[in-house]
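**Q** Sequence plus the predicted model coming up.
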Amino acid sequence: MRVSVVKPVQVICFFTLLTALVSCSMRKNTALTRNYQAFITRYNIYYNGDEHYKTTLREMERSYEDDFTRLLYLHPADARACPDAPQPSGDFSRSIEKAQKAIQLRSIKRKPARKAGKSRDQKYREWMKREEYNPFLHNAWLMLGRSQYNNGDFIGAASTFQYIAKHFSWLPATVTEARLWQARAYCSLGWYFDAEAILSKMPATDIASGEIEELYDMAYASMYINSSDQSQAIPYVRGALRHASRTQKPRLYFLLGQLYALSGKNSEAYDAYAMAARGGAPYRTRLNARIRQSEVFHGSDIRGEVKSLRRMARYERNSPYLDLIYYAIGNLYLSRRDTAEAVENYRLAVERSTRDGIDRAVARLALGSIYFDRRDYEAAQICYAEALPVLPSTYPGYVSIRRRSDVLDRLAVYAQNVRLNDSLLRLADMTERERMDIVNRLIAARRRTDREEAERIRREEYIALQGGGNPADGIAGQASAPVAFELNTDDSWYFYNSTVRSAGRDAFLRRWGARRLEDDWRRRDRTVSGLASLDEDVADGSLSDTDFEDTDVKEYNGDFDLYSPEYYLSRIPSTPMQRMAAVNIICDGMYNIGLILKDDLGAYPEAADEWLRLLDRYPDNIYRRDIYYNMYLMYMREGDVVAAGGYRQLILEHFPDSPEGQALIDPDFLDNKRRMYAEEERLYERAYEAYLENRNADVHALCDTITRLSPTSRLIPKFMFLEALCHVTEGDAERFRSILETMLRRYPDTELAPVASSYLKGLAEGRSLNAGGDNVRGLAWTTRLASDTAAVVSDSVFFELDSAAPHVMVLVYPVDEVSGNKLLYDVARHNFSTFVVSDFDLEPMNFGRLGLLVVKGFANFDEIVRYRRILEDDPELQLPAQVRPVMISVDDFNRLVNEGRSFDDYFRYVDERSAESPVVAGPVL
């Protein structure tokens, strides 16, 4: 009986003591309370968050689908910085919540009771300077930063790690880890100089553990991968491999192979890809590593490699990857300069692709590149035009690919004209029997093609009706199930409504079948001729009937019968006038092909060859003078003075009275031309300076000067736009409209065309100019805070100007001069380090050239004034001079946005009532 009484008493005493300890632990800072709070933090909060973090991270690394067409990311979380890249799975919000809970509930900031006689003890003084006394809480802070990073909140992560480095200085290992994570966050944000500043100041002695060493290598590798010399990242990727997890190693080995390949070290790249293809890697990784080995194969005999890849193509498992396999075979043949076999395998890669994704687009690019080198611009244009829409903007070399595609769009037009008319002239020179043989073969080929096309249409319609999906998917054996009716409650815009978009796509396929994205997509027979050259077609009698469809027919007035010989014969130039017209088209095409190659691609040898062929075929063509002049300029630019002098002499002999002939009489012609370019730049700088200083009369005079001295100057559109803006502040709406319309008519491709078009659209909608004021203010503050569809609801302007209402601080800046992301980070860091209790929300907004960073969370005008004073007094925050703060109530700011008004409207209203309202605006531009 005695024992049974004592035990309950002991339990009651224990819980009483525990309750008393908990109640006083947050109010006192003793060794007992510190250890108690550390214990609770670790096992009651942190443990669950850490387990969730590790589980989510393992799943992210295991399930991420890498894009093998670009440089792989060091870690899947890095892909969150690029919206166009495949995004990883995994949500670390629970770990963030646990970390925040631990920080909020278990932080000990109260100073411990001072001990007598310790005031001169340096360690004791440093102990008393600490800002946190929970000995385990730094782990929660680190988990918060890591979770923010892996969730893609790189700005938040950078701020968290900077806080850790600043407020946990007595923990060197923790500070080092935080600094390394901060550098990685900077790299993900694109702030490589800031990352380098952190890493360069880190002593080697601080890299004391395997985990820290891996972080160090990852941070340096991330920085160098995005530098101009990516080879510097190689030793750091190799270092990161020593400590990488099992799921990360194949990814890092693949990346290492890519870096070796970019550095020209094909042997090392081949070995690295072999390591990436080991058995533990996912099948996609092993297959792509095997494909990449074909690109860097350095052996002398490719037969073994080709045989191995062809064997892979026979496996059913690899049927979805045939485009990759045949692309690899094409690469092997191309490495041995066997372009015929390379073209054949690249074609197979395109034809046998079942996914129509980026791998097929890459094969098309390789095929198009060969055609371009062969100067088969029509075939190259088709390849580039079909590949470009599939490629993401982050694809390596995307800008040059897009530029070449744009140029090929123009080259193909002239190349087709040359080829077609060459073929027609050849047909005209044949005997009647030879012509009829070719025409009869064309008609037979046409009938056969039409039968095949009709059969294909019936097959696609059947598959679409049976599967209700993409015919291409059905052919690949992946037809989707019939679409059942379901109520669609999604009222989002068409392109974001997957249900409506899929239904529309299925309806299109049932009616039209699979069509390529191109002009005249309804015409199925516009590509019947395939990729073959028409000159070769005439030679072997395989000229396609579609090559006749664009010629002008006057003799043949019968029915449009594609099976009639007269239809084809009528397109052959038979009279001298028709032959001359064909020759003129050929000359025009060859001259313009050379001009495009010279001006748009800088391909001087190819341009010279095209022009020399034209001069050889037609010595008296009408473009002879222009060819001589362009050849002179080309050779002078390349430094071949002798060759340039020869063409100069030809101009002086044959065209002495032409503008070019008169100009070339002066031996200093090119020097004068270069000086004129410099003079044009100087005049524009003067005009722009005059505009900023509101000297509109000087702007008008300088515009007249440039028009008189250099009417063909490339800067004329900029002068016209500047002069038009002057008429805004002068209140001359008609002159403003007239200049912009003239500019768009003469220079439709100028970079200012979209801006001018938007201004003219506003005038057409009845908007009035903000006359008066100064030019600089007009540039920034007159931008309306609305989309193109928003409009001012009325001419009357009204704002509350209520100082007691909630306010926002709007930081206004020009987007072409200030980095919005950098500004967001700087302000977020200031708020995070300055205000412990207050929580200010930040919202970036863009309106054309005007960027806004809206700081929210102020109860009234007095609070925002205090915030602005602290903001301006912060020595660590240096805002760019172009950033201007505007303090405005929430209701008035919403009125600006909802009614499509500008800050200028607001300033004018405030100016009119300045006597009765507080100063609510920042300094005027």
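**A** Alright, I've got the coordinates.
**Q** all contacts plus neighbour counts: C-alpha atoms, from now on.
**A** Fine.
**Q** So what does the residue nearest in space to the middle of the chain look like in phi/psi?
**A** Geometric centre of the chain, nearest residue: residue 393, 4.1 Å, by CA atoms, centre = their mean. Here is the backbone geometry of residue 393 (degrees, to the nearest 10): phi -70, psi -20.
**Q** Number the residues from 22 up from this point.
**A** With 22 as the first residue, the last one maps to residue 414.
**Q** check contacts around it.
**A** 105, 420 (CA atoms under 8 Å, 6 or more residues apart in numbering).
**Q** So it versus residue 429, what's the distance?
**A** 19 Å (CA to CA, to the nearest Å).
**Q** One more: residue 290?
**A** According to CA to CA, residue 290 and residue 429 sit 33 Å apart.
**Q** go on, residue 132?
**A** Counting by CA to CA - residue 132 and residue 429 are separated by 73 Å.
**Q** These two: which is more packed in?
**A** Between residue 132 and residue 429, counting by other CA atoms under 10 Å, residue 429 is the more crowded of the two (25 against 16).
**Q** Can I take it that that one is in a helix?
**A** Yes. Counting by DSSP: H, G, I helix; E, B strand; the rest coil, one finds residue 429 located in a helix.
**Q** Run through the residues that contact it.
**A** Contacts of residue 429 by CA under 8 Å, 6+ apart are 398, 399, 401, 402.
**Q** And the pLDDT for the third one?
**A** Right, the one you point to is residue 401. The model reports residue 401 with a pLDDT of 94.
**Q** so it sits right up against residue 390, yeah?
**A** Yes. Using CA atoms under 8 Å, residue 401 is in contact with residue 390, at 6.8 Å.
**Q** Comparing these two, which residue is more hemmed in?
**A** Taking other CA under 10 Å, residue 401 and residue 390 do not tie; residue 401 has more neighbours (28 against 21).
**Q** Tell me the spatial nearest neighbour of the more buried one, not counting adjacent residues.
**A** Closest residue to residue 401 apart from its sequence neighbours, by CA to CA, 6 or more residues apart in numbering: residue 389 at 4.2 Å.
**Q** What helix or strand is the one you found located in?
**A** Using DSSP states H and E, residue 389 sits within helix 379-394.
**Q** Check the offset of that helix from the chain's centre.
**A** 21 Å (CA atoms, centre = their mean, to the nearest Å).
**Q** What confidence value was assigned to residue 787?
**A** 72.
**Q** can you confirm it is in a helix?
**A** No. Secondary structure of residue 787 (three-state DSSP): coil, not part of a helix.
**Q** ok so, going back, tell me if I'm right that the residue nearest to residue 401 and residue 407 touch.
**A** No. Using CA under 8 Å, residue 389 is not in contact with residue 407; the gap is 10.1 Å.
**Q** residues in contact with residue 339?
**A** Here residue 339 is in contact with residue 333 (CA under 8 Å, 6+ apart).
**Q** What's the local residue count around the residue nearest to residue 401?
**A** Using other CA under 10 Å: residue 389 sits among 26 other residues.
**Q** Ok, residue 468 next?
**A** Using other CA under 10 Å: residue 468 sits among 14 other residues.
**Q** same deal with residue 864?
**A** 12.
**Q** Regarding the residue nearest to residue 128 when sequence neighbours are not counted, what is its secondary structure?
**A** In this structure, residue 128 finds its nearest non-sequential neighbour in residue 155, 6.1 Å apart by CA to CA, 6+ apart. Three-state call for residue 155 (three-state DSSP): coil.
**Q** Surely residue 908 is within a strand?
**A** Yes. Assessed with three-state DSSP, residue 908 lies in a strand.
**Q** Share the number of residues neighbouring it, please.
**A** Count around residue 908 with other CA under 10 Å applied: 21.
**Q** Tell me the bridge partners for it.
**A** Counting by DSSP bridges, residue 908 is bridged to residue 830.
**Q** ok, it to residue 284 distance?
**A** 53 Å.
**Q** same deal with residue 191?
**A** Relative to residue 284, residue 191 is positioned 43 Å away (criterion: CA to CA).
**Q** and what of residue 707?
**A** Taken as CA to CA, the span from residue 707 to residue 284 is 46 Å.
**Q** quick revisit: which of the contacts of residue 429 tops the neighbour count?
**A** residue 401 (28 neighbours).
**Q** Let me see the contact set for that residue.
**A** The neighbours of residue 401, taking CA under 8 Å, 6+ apart as the test, are 388, 389, 390, 391, 392, 393, 429.
**Q** from memory the fifth one sits against residue 398, does it?
**A** When you say that, I think you mean residue 392. Yes. In this structure residue 392 lies within contact range of residue 398 using CA under 8 Å: 6.8 Å.
**Q** any residues in contact with both of the two?
**A** With CA under 8 Å, 6+ apart, residue 392 and residue 398 have no common neighbours.
**Q** For the residue lying closest to residue 193 once chain neighbours are set aside, the count of nearby residues, please.
**A** Using CA to CA, 6+ apart and skipping residues adjacent in sequence, the residue nearest residue 193 is residue 227, 7.8 Å away. Counted by other CA under 10 Å, the residues lying close to residue 227 total 14.
**Q** mind listing the strands for this protein?
**A** 828-835, 862-868, 871-879, 905-910 (DSSP state E).
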